[in-house]
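1. Okay, structure incoming, though there's no sequence with it:
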């Protein structure tokens, strides 16, 4: 086991890794920007090193500063959390060169699955179903038109090195393709440094289902069930739950088995997530793989009773998985609401100082947060300030617990999306579980119509 782990992140995920390390008896090193000098992960870590000014590029994305911090503190491993450098093959390679263990998959797997067109080819070779589309990157507008006509409209353009909805364009007719292609390339270049895009058939109104996998360096791969991630706005998840209301036992087993086969095909090790689009006819297609721990991992932890972050650390230390597929058991239902510092109407970030803060508790409640009274919410970073999770015997109890938690959560001094979550949980389609990825588009439409009148 490692003696000291440097946590190359901030906020709630830095604290989440820190909790796991403390329970394992492993010393921790926090790195922080000047804007985070008073943050809780800095306070509770055994050691802390400032790695630069507030901007990401100068601090949390500054690989030389992070490696230097690890070396001067004697850390023997780095946990990247999610976001920032968590899917950086370069950081993983640098760690290897510096005799530091990167707590995540190897650089080859990160690089392969981080390139969406290459990942799609790898999945096709492994027999994993994929959405019909281009055979790799589309180089120019003429080829884009040919591919789109072959697979049929509507189509979606995606940045090959992308994520988070950037570089995506839905095109419904041939006349709109050229302009959308140029726009997607420009956004891909600006967001990821490369303009490469590929084309897929656009699946209308799918469910977004992801399967959590865990693998070790001995060749063992297991899945820990699925998460329903269809409640999203502009490809950014808002609410996640497990299990999905739409999967039959047979389909659940098939998707889990496919996720395991996908991870094994690329010799994956550590925590990862296989993301699928599920059509209304029961067909599902590989969308992408996230080669890191996910924001919503806590939902899976609640229904399985497994600590995924501890498992990450054990696996990175060379140990075999602590459980087999047969040992994975699912109990009850879990739900997560992402609490963001943002205007609930315009979705504009709302930085500032939290004047009053109260987090709910009680049976079946988990809150992962770095927020507290007097906490400064910086304009430099992601707007998520907490993950509010509930667990119950069934979906109805879980929703009821989430409703009372949202009612009792107090965040004053900044704007949040708590009221938005309350309204979603009262929506008839959400309560019935009859929604898809177009839910928020429909949910927000009446409000837009009222504002325009």
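-> Cool, the structure landed. None of the values given here were measured: they were computed from a predicted structure.
2. Skipping adjacent residues, who's closest to the residue sitting nearest the centre point of the chain in space?
-> Central residue of the chain (CA atoms, centre = their mean): residue 294, 4.0 Å from the mean position. Distances taken as CB to CB, 6 or more residues apart in numbering place residue 273 nearest to residue 294, at 5.2 Å, with adjacent residues excluded. Bear in mind the C-beta positions are built from the backbone N, C-alpha and C, glycine included.
3. what about the host helix or strand of the one you found, average pLDDT?
-> Assessed by DSSP states H and E, residue 273 sits inside strand 270-278. Average pLDDT, strand 270-278: 97.
4. Pull up the pairing partners for it, direction included.
-> strand 207-215 (antiparallel), strand 284-290 (antiparallel) (DSSP bridges).
5. Need those in TSV (columns: mean neighbour count and mean pLDDT).
-> Shown next, in TSV, are these (neighbours: other CB atoms under 10 Å; pLDDT from 0 to 100):
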stretch	mean neighbour count	mean pLDDT
strand 207-215	24	98
strand 284-290	22	95
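6. pLDDT score for residue 345?
-> The predicted local confidence for residue 345 is 88.
7. what secondary structure does residue 5 sit in?
-> strand (DSSP: H, G, I helix; E, B strand; the rest coil).
8. Specify the beta-bridge partners of the closest residue to it other than its chain neighbours.
-> In space, and not counting its chain neighbours, residue 5 is closest to residue 77: 4.8 Å by CB to CB, 6+ apart. Beta bridges link residue 77 to residue 5, residue 101 when assigned by DSSP bridges.
9. And residue 77, how close does it get to residue 383?
-> 29 Å (CB to CB, to the nearest Å).
10. What about residue 90, how many residues nearby?
-> Here the number of neighbours of residue 90 (other CB atoms under 10 Å) works out to 12.
11. Then it would be within a helix, right?
-> Yes: using three-state DSSP, the assignment for residue 90 is a helix.
12. dump the residue contacts of the residue lying closest to it once chain neighbours are set aside.
-> Ranked by CB to CB, 6+ apart and with sequence neighbours excluded, the top spatial neighbour of residue 90 is residue 63, at 6.9 Å. Contact analysis of residue 63 by CB atoms under 8 Å, 6 or more residues apart in numbering lists 85, 88, 90-91, 94.
13. For residue 132, state which of the residues you listed is nearest.
-> Closest approach between these and residue 132, by CB to CB: residue 88, at 30.8 Å.
14. Run the angle between the longest strand anywhere in the chain and strand 270-278 for me.
-> Assignment by DSSP state E gives strand 221-233 as the longest strand of the chain. Here the directions of strand 221-233 and strand 270-278 differ by 50 degrees (axes from the mean of the first three to the mean of the last three CA atoms, to 10 degrees).
15. Check which residues of whichever helix or strand comes after strand 221-233 are buried.
-> For strand 221-233, the succeeding helix or strand toward the C-terminus, using DSSP H and E, is strand 236-242. By 16 or more other CB atoms under 10 Å, the buried positions in strand 236-242 come out as 237-242.
16. do the same with stretch 69-84
-> 69-70, 73, 75-84.
17. Quick one: end-to-end length of it, please.
-> 17 Å (CA to CA, to the nearest Å).
18. Residue ranges of each domain in this protein, please.
-> Taking automatic domain parsing as the domain assignment, the ranges for the chain are 4-103, 132-201, 207-452.
19. Help me confirm that residue 436 comes into contact with residue 228.
-> No: using CB atoms under 8 Å, residue 436 makes no contact with residue 228, being 10.4 Å away.
20. more neighbours, those two?
-> The residue with more neighbours, out of residue 436 and residue 228, is residue 228; 24 against 21, by other CB under 10 Å.
21. Skipping adjacent residues, who's closest to that one in space?
-> Residue 228 sits nearest to residue 244 (CB to CB, 6+ apart), 3.9 Å away.
22. What about residue 283, how many residues nearby?
-> Neighbourhood size, residue 283 [other CB under 10 Å]: 13.
23. any idea how far the nearest residue to it once chain neighbours are set aside is from residue 374?
-> Excluding the flanking residues, the one nearest residue 283 by CB to CB, 6+ apart is residue 129, at 7.3 Å. Going from residue 129 to residue 374 by CB to CB gives 51 Å.
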